[in-house]
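K.L.:
missing the sequence, but the structure's below:
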Ligand code: C2E
Ligand code: CA
Ligand code: CA
């Protein structure tokens with residue numbers, strides 16, 4: 001086997017958590033198996049001749065025939081791949097259910113040269129993490145179910161690390177794995193007496209506890225965070241870890257596991273993105289309101305799955321500063337339910353963003369908004385429909401293809417669509433963002449920067465990314481008629497926008513006086529209660545569809 005292949009094999013066997021990998025030279029029938037396979041199944045060694053037959057001995061007698069058929073087909077060149085399940089015997093003599101997949105690699109002349117693949121131990125993969133030996137995410141989800149069935153309140157802490165990939169990049173995966181292991185031990189030492197520790201996806205861990213009070217967990221968390229940053233060693237090396245954590249206290253046992261998971265992830269990302277790793281606790285103060293909130297999230301989440309029942313869009317006009325004519329509208333999401341009434345998106349979007357169902361809702365919003373605007377572009381050819389897009393939507397690789405497929409399907413001109421992003425999109429990698437902007441621009445889709453001035457990287461972001469419009473947050477204009485500072489700020493922003501060839505739209509125009517003051521600056525459009533609150537499509541079209549035409 002060439003040394004290049006050997007190196008590649010080593011790298012793969014380190015990162016293939018929970019998988020046993022193998023590669024076989026078909027001509028010589030000489031193969032290499034990962035160390036974890038040798039140890040776990042008790043194989044003679046990492047390098048073996050005729051491994052197919054050796055492995056066959058480990059397969060349950062009832063499964064051997066179908067295994068042999070599949071392997072014979074590979075060696076005789078009839079088949080190019082192998083994908084099957086069988087029971088296999090471990091070193092201890094137990095049988096575990098495995099999924100075995102492999103492919104034949106061909107040389108330049110097209111002849112079969114290597115056969116490689118992986119064997120997944122389904123039982124182990126399900127409940128134990130291969131690196132830390134802690135109970136895994138699957139085990140966690142199952143235990144949450146058990147906790148709910150016991151009906152005793154409990155707390156869940158999600159704790160993980162930022163910028164972990166830098167550790168992998170600089171020191172290698174093996175050191176990365178050691179670090180995870182050490183961190184798991186740190187958690188066991190300081191939180192283990194409270195309850196069980198889990199290794200979740202990526203670099204996250206969790207603990208479920210019935211006994212510890214929220215304040216006690218918070219105290220331990222602060223200790224661990226501090227220790228990981230200042231006094232943490234892996235294989236003798238001082239290693240600096242920046243830890244984040246979110247905590248959810250559960251006292252309603254009808255919540256789905258997914259709702260608990262979304263709330264937990266929400267707190268985790270709040271801690272990571274907004275609190276420099278300080279613990280975020282999911283509670284609105286009193287325990288009861290926390291409980292009602294999670295319950296409502298449970299209902300909202302199931303509405304998404306249940307055909308988006310209860311969701312609808314309201315629209316607010318965007319008015320030209322030059323002639324007071326309608327330029328477009330912004331779609332604003334609402335959720336309505338008999339028990340809760342109409343709920344504002346600020347209440348549920350930040351939590352739903354962490355949920356796997358969110359992308360579906362995002363596409364539903366785009367679809368609805370585009371369908372509702374088709375009638376307007378017939379009358380106002382330059383009409384712009386503004387749709388809010390959260391960074392969690394942009395992060396997905398499929399975003400552009402799904403969006404363009406939707407525009408095609410609905411025959412909607414991309415130039416009439418404007419996506420509103422907030423400064424939070426800077427949480428994404430700048431290269432990814434630049435590529436996204438490039439693709440969106442190529443299609444002709446416009447991009448606005450929402451809530452300008454409220455975030456953390458204002459000027460940097462408009463220098464780096466080409467926005468068509470900058471929307472000034474209403475914070476800067478609500479007192480503009482008697483605040484010289486706010487007037488100077490808006491003046492400054494409008495000059496700045498001009499430098500980068502972006503238009504300025506001011507939000508929160510509530511009075512005629514505000515509008516008049518804004519007339520002194522390079523502001524292209526207005527949005528606010530002075531013109532209209534967000535209203536249903538029925539009301540909006542009654543007011544604007546045929547107005548003046
Ligand atoms: P936003 O994008 O900044 O939307 C403007 C918010 O300001 C809206 O609140 C609107 O009702 C409110 N507003 C408009 N004019 C005035 C005014 O003159 N005075 C005052 N006081 N408020 C005004 P809303 O509808 O509650 O939306 C809140 C936020 O929720 C939005 O802020 C946006 O960030 C998010 N959001 C709304 N719909 C969606 C959506 O479809 N997708 C995503 N990802 N986020 C959404
Ligand atoms: Ca907006
Ligand atoms: Ca805004």
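P.N.:
Sure thing, it's come through. These numbers were taken from a predicted model, which means no experiment stands behind them. Ligands and ions are numbered 1, 2, ... in the order given.
K.L.:
and the gap between the closest residue to residue 443 other than its chain neighbours and ligand 1?
P.N.:
Computed as Cβ to Cβ, 6 or more residues apart in numbering, the closest residue to residue 443 that is not its neighbour in sequence is residue 414, at 4.6 Å. The C-beta positions use only the backbone N, C-alpha and C, and glycine is treated the same way. Going from residue 414 to ligand 1 by Cβ to the nearest ligand atom, to the nearest Å gives 19 Å.
K.L.:
pretty sure residue 414 contacts residue 444?
P.N.:
Yes - under the criterion of Cβ atoms under 8 Å, residue 414 makes contact with residue 444 at 4.2 Å.
K.L.:
Of those two, which one has the most company?
P.N.:
residue 414 (16 against 12; other Cβ atoms under 10 Å).
K.L.:
Now that one: phi and psi?
P.N.:
phi -60, psi -30 (degrees, to the nearest 10).
K.L.:
Kindly report the same for the one 3 residues further on.
P.N.:
The main-chain torsion angles of residue 417 are listed as degrees, to the nearest 10 and equal phi -110, psi 130.
K.L.:
Tell me, how many residues neighbour it?
P.N.:
Neighbour tally, residue 417, other Cβ under 10 Å: 25.
K.L.:
got the phi/psi numbers for residue 48?
P.N.:
phi -140, psi 140.
K.L.:
likewise residue 510?
P.N.:
Dihedral angles (degrees, to the nearest 10) for residue 510: phi -100, psi -20.
K.L.:
Mind pulling up the pLDDT for it?
P.N.:
Note for residue 510: predicted pLDDT of 97.
K.L.:
Identify the spatial nearest neighbour of it, chain neighbours not counted.
P.N.:
Once flanking residues are discounted, residue 510 sits nearest to residue 529: 4.8 Å by Cβ to Cβ, 6+ apart.
K.L.:
State the three-state secondary structure for that neighbour.
P.N.:
coil (DSSP: H, G, I helix; E, B strand; the rest coil).
K.L.:
ok, now which ones touch it?
P.N.:
The contact partners of residue 529, taken as Cβ atoms under 8 Å, 6 or more residues apart in numbering, are 508-510.
K.L.:
And those, which of them are buried?
P.N.:
The neighbour count (16 or more other Cβ atoms under 10 Å) marks 508-509 as buried among the contacts of residue 529.
K.L.:
Pick the one among the contacts of residue 529 closest to residue 462.
P.N.:
Residue 462 has its nearest neighbour among the contacts of residue 529 in residue 508, at 20.0 Å by Cβ to Cβ.
K.L.:
Can you classify the closest one as helix, strand or coil?
P.N.:
Applying three-state DSSP: residue 508 is coil.
K.L.:
Give me the neighbour count for the nearest residue to residue 91 once chain neighbours are set aside.
P.N.:
Excluding its sequence neighbours, the residue lying closest to residue 91 (Cβ to Cβ, 6+ apart) is residue 42, at 3.4 Å. Neighbours of residue 42 under the rule other Cβ under 10 Å: 13.
K.L.:
where's residue 42 relative to residue 58, distance?
P.N.:
8 Å (Cβ to Cβ, to the nearest Å).
K.L.:
For the residue nearest to residue 526 when sequence neighbours are not counted, give me its contacts.
P.N.:
Using Cβ to Cβ, 6+ apart and skipping the chain neighbours, the partner closest in space to residue 526 is residue 509 (4.5 Å). Neighbouring residues of residue 509 by Cβ under 8 Å, 6+ apart: 477, 515, 518, 526-531.
K.L.:
CSV for the residues you listed, including distance to ligand 3?
P.N.:
Shown next, in CSV, are the contacts of residue 509 (distance: Cβ to the ion, whole Å):
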residue, distance to ligand 3
477, 12
515, 17
518, 16
526, 13
527, 8
528, 11
529, 14
530, 16
531, 15
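K.L.:
Who wins on neighbours among those?
P.N.:
Most neighbours among those, by other Cβ under 10 Å: residue 477, with 27 neighbours.
K.L.:
What's the first helix or strand after the worst-scoring helix or strand of the chain on mean pLDDT?
P.N.:
Least confident helix or strand of the chain, by mean pLDDT, DSSP states H and E, is helix 122-127 with a mean of 66. Next in sequence after helix 122-127, counting helices and strands by DSSP states H and E, comes strand 135-136.
K.L.:
For that next one, give the mean pLDDT please.
P.N.:
92.
K.L.:
and that strand, how far out from the chain's middle?
P.N.:
From the chain centre to the centre of strand 135-136 is a distance of 21 Å (Cα atoms, centre = their mean, to the nearest Å).
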